[in-house]
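A.B. asks: how does the following fold in three dimensions:
(one chain, ligands or ions: 1)
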Amino acid sequence: MEFMKTIAMRKSTRSYKTEQISDEQLNTIINAGCAAPVGLGAYDTVHLTIIQNRGLLDKITKSSAKVFGPNANPLYGAPTFIVISGKPNNSLPNIELADAACIIENMALAAADMGLGSVYLFGVISVLNKDKELLKELNLPDGFAPVSGIAIGYSTEPITKEKELKQTIKTNTIK
Ligand SMILES: Cc1cc2nc3c(=O)[nH]c(=O)nc-3n(C[C@H](O)[C@H](O)[C@H](O)COP(=O)(O)O)c2cc1C
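C.D. replies: Residues are numbered from 1 along each chain as shown. You can find the predicted model right below:
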């Protein structure tokens, strides 16, 4: 897909088919994430956990109910949830959040390019960090904690509409 068209086609998908994405699509998405810029080039301070196990996805949704109420559906039924974890750097607070944002956007654009839906997930991360049993199931290396996530899958609604590329963010220019 032409690059600006891919940007215009990406939008948050909040309803997914149960059909899983292929391993090839997943690989493309992971490679796109790994090509993202990371502060100090410290790729060893970020970690990706790919969750495609329905039992674990359901456990995350169930645990979310304790935080967000009984109707919580933070993963929107997506069959793939990728958690980005980071190792905090005391001299550069929050850099792992910025790293995760770059990684996620690359993955979201790669997904859009293949006609897949995705959504950036921040809210559910607090659930993972609060539920020590769930956290254990992520099997993270020492010193890492989840910072952001992305849900990926086939949208139940066809993704056909390009968004208009316009200045939704206020800018000022100094020449
Ligand atoms: C840092 C960040 C956190 C977000 N967290 C969530 C989230 O927890 N749940 C959700 O449904 N969407 C989340 N979103 C998606 C935004 O709501 C969405 O990107 C925004 O409304 C623009 O819509 P679009 O993605 O369709 O262009 C998040 C987006 C960003 C960048």
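A.B. asks: so does stretch 106-126 get close to the ligand?
C.D. replies: Yes: applying CB under 6 Å from any ligand atom, one finds stretch 106-126 touching the ligand at 119-123. Just so you know, the C-beta spots here come from the backbone N, C-alpha and C atoms, and that holds for glycine as well.
A.B. asks: most neighbours among those, which one is it?
C.D. replies: In terms of neighbours by other CB atoms under 10 Å, those top out with Val119 at 23 neighbours.
A.B. asks: correct me, but that one touches Arg10?
C.D. replies: No: in terms of CB atoms under 8 Å, Val119 does not count as a neighbour of Arg10; the distance is 10.1 Å.
A.B. asks: thinking again about what came up before, any chance of the residues of stretch 106-126 next to the ligand in a markdown table, plus secondary structure and distance to Ser64?
C.D. replies: Listed next are these as a markdown table, based on DSSP: H, G, I helix; E, B strand; the rest coil; distance: CB to CB, whole Å:
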| residue | secondary structure | distance to Ser64 |
| --- | --- | --- |
| Val119 | strand | 14 |
| Tyr120 | strand | 16 |
| Leu121 | strand | 11 |
| Phe122 | coil | 13 |
| Gly123 | helix | 8 |
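A.B. asks: relative to Lys87, which of the residues you listed is nearest.
C.D. replies: Lys87 lies nearest to Phe122 out of these, by CB to CB, at 18.5 Å.
A.B. asks: and the longest helix for this protein?
C.D. replies: helix 95-113 (DSSP state H).
A.B. asks: now for it, which elements pack on it?
C.D. replies: Packing partners of helix 95-113 (3 or more CB pairs under 8 Å, 6 or more residues apart in numbering; DSSP states H and E): helix 3-9, helix 23-34, strand 46-51, strand 80-86, strand 117-121, strand 145-153.
A.B. asks: okay if I get those as a markdown table plus mean pLDDT?
C.D. replies: Putting the helices and strands packed on helix 95-113 into a markdown table (pLDDT from 0 to 100) gives the following:
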| stretch | mean pLDDT |
| --- | --- |
| helix 3-9 | 97 |
| helix 23-34 | 98 |
| strand 46-51 | 98 |
| strand 80-86 | 98 |
| strand 117-121 | 98 |
| strand 145-153 | 98 |
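A.B. asks: take these and write them to CSV, including distance to Thr171.
C.D. replies: CSV is the format used below for these (distance: least, CB to CB, whole Å):
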stretch, distance to Thr171
helix 3-9, 17
helix 23-34, 27
strand 46-51, 30
strand 80-86, 28
strand 117-121, 22
strand 145-153, 25
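A.B. asks: what does this structure have sitting close to the ligand?
C.D. replies: 11-12, 14, 119-123.
A.B. asks: how does it look with 5 Å?
C.D. replies: Within reach of the ligand by CB under 5 Å from any ligand atom, the chain has these residues: 11-12, 120-123.
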